[in-house]
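Engineer: from the sequence below, what's the structure:
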Amino acid sequence: MKKNIAIAMGGYSSEYRISINSGNIVYKNLDRDLYEPYRVHILQSEWFVVTEDDTPYPINKSNFTVTIDDKVISFDCVFNTIHGTPGENGLLQAYLELIGVPQTSCDYYQSALTFNKRDLISVLRPYGVKTATNYFLNKGEDIDTKAIVDRVGLPCFVKANRAGSSFGVTKVKTEEEIVSAAKTAFTEDDEAIIESFLDGTEVSVGVIMYKGEIVALPVTEIVPDGEFFDYEAKYLGKSQEITPARISEEDTLKVQEIAKMIYRKLKMKGFSRSEFIFHDGEPHFIEMNTNPGISQASILPQQAEKAGITLKDLFGSAVEAALNQ
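Structural biologist: Here you go, the predicted model:
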């Protein structure tokens, strides 16, 4: 008997359109011999299932069911493709755990931790993971630009602490730009993280649970057309994404092992994509995405393809892992 799979997409953040794209890719590629997929749009205003004829049917939030043609449909598993809140910061995971519905991404604590850049790097540093020099700032606090420059130097990056897809990120070259960059970050979150500039090759490492094993996918080198890997570089084609990365075999294995170690130490599940910059010859950790993009323009599907993993197998393995956990 086919399993009913709810593909959760959308979300409450600036990334909802990207999430819709990712969800539709899953919908198209799940094995229809094994699964009956449903597109579930989770928006701030409403949650609903969209059928093939684009008719919306509201989700009953008390038990995450939907009624279509007088038939109540429950779900065996949720395939979580939401980027940002509530699918990548632990809220959806906690809700689903409470009502007993398995889902494909990591658990709620790991999701909340990895979505918070400053908390995550604080947890990882005792394991010897190298990072940029950081300065933390909360909305409403006085912005001491001299102290910031003394701490992280120039140029530096000012980022929203809890946001994805390079929303709320500014590369700052002068002290005078810091205040306006912080205001940009605060449009996405009430916490900001300011990081020292790391000069070197940027790479992305996908680590997934695949057929019961933790697997590091081929490494992708990121060469943005602009000054950093911003939204346009990620989603509008303004970058080169080279898989496998043009780094030595030794550096490839080194960064893959660090990414796998992080995955294990955090007790991760599902898909992840970690970003590093090789600065002074050593990989420095930037951030981890626990619901990475899986649309046509996304990095993780490119890496899976290079590893010989089809989207059908990639998505099917995630569902089976969730069902069997």
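Engineer: can you pull the buried residues of stretch 32-47?
Structural biologist: If you call a residue buried by 16 or more other C-beta atoms under 10 Å, then stretch 32-47 has these buried ones: 35, 37-42, 47. Placement of C-beta: from N, CA and C, glycine included.
Engineer: who does Ser204 form a beta bridge with?
Structural biologist: Thr220, Glu275 (DSSP bridges).
Engineer: look up how far Glu177 lies from it.
Structural biologist: Using C-beta to C-beta, to the nearest Å, one gets 27 Å for the distance from Ser204 to Glu177.
Engineer: pick out whichever of these two has more residues nearby.
Structural biologist: Remark: of Ser204 and Glu177, Ser204 carries more neighbours, 26 against 17, as counted by other C-beta atoms under 10 Å.
Engineer: not counting sequence-adjacent ones, nearest residue to the residue sitting nearest the centre point of the chain?
Structural biologist: For the chain, the residue nearest the mean C-alpha position is Asn289 (2.8 Å; C-alpha atoms, centre = their mean). Spatial nearest neighbour of Asn289, excluding adjacent residues (C-beta to C-beta, 6 or more residues apart in numbering): Arg273 at 4.7 Å.
Engineer: show me the domain layout of this protein.
Structural biologist: 3-105, 112-130+199-323, 134-196 (automatic domain parsing).
Engineer: my read is that Ile178 contacts Ile143, right?
Structural biologist: Yes. Assessed by C-beta atoms under 8 Å, Ile178 is found in contact with Ile143 at 6.6 Å.
Engineer: who's more crowded, these two?
Structural biologist: Ile178 (24 against 14).
Engineer: any buried residues in the helix or strand containing Asn21, and which?
Structural biologist: Element membership of Asn21, judged by DSSP states H and E, is helix 16-29. Buried positions in helix 16-29, judged by neighbour count with 16+ other C-beta under 10 Å: 16, 18-27, 29.
Engineer: and that helix, what other elements does it pack with?
Structural biologist: strand 3-10, strand 35-42, helix 311-323 (3 or more C-beta pairs under 8 Å, 6 or more residues apart in numbering; DSSP states H and E).
Engineer: CSV for the ones you listed, including mean pLDDT and distance to Arg118?
Structural biologist: Shown next, in CSV, are the helices and strands packed on helix 16-29 (pLDDT from 0 to 100; distance: least, C-beta to C-beta, whole Å):
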stretch, mean pLDDT, distance to Arg118
strand 3-10, 98, 27
strand 35-42, 98, 27
helix 311-323, 97, 28
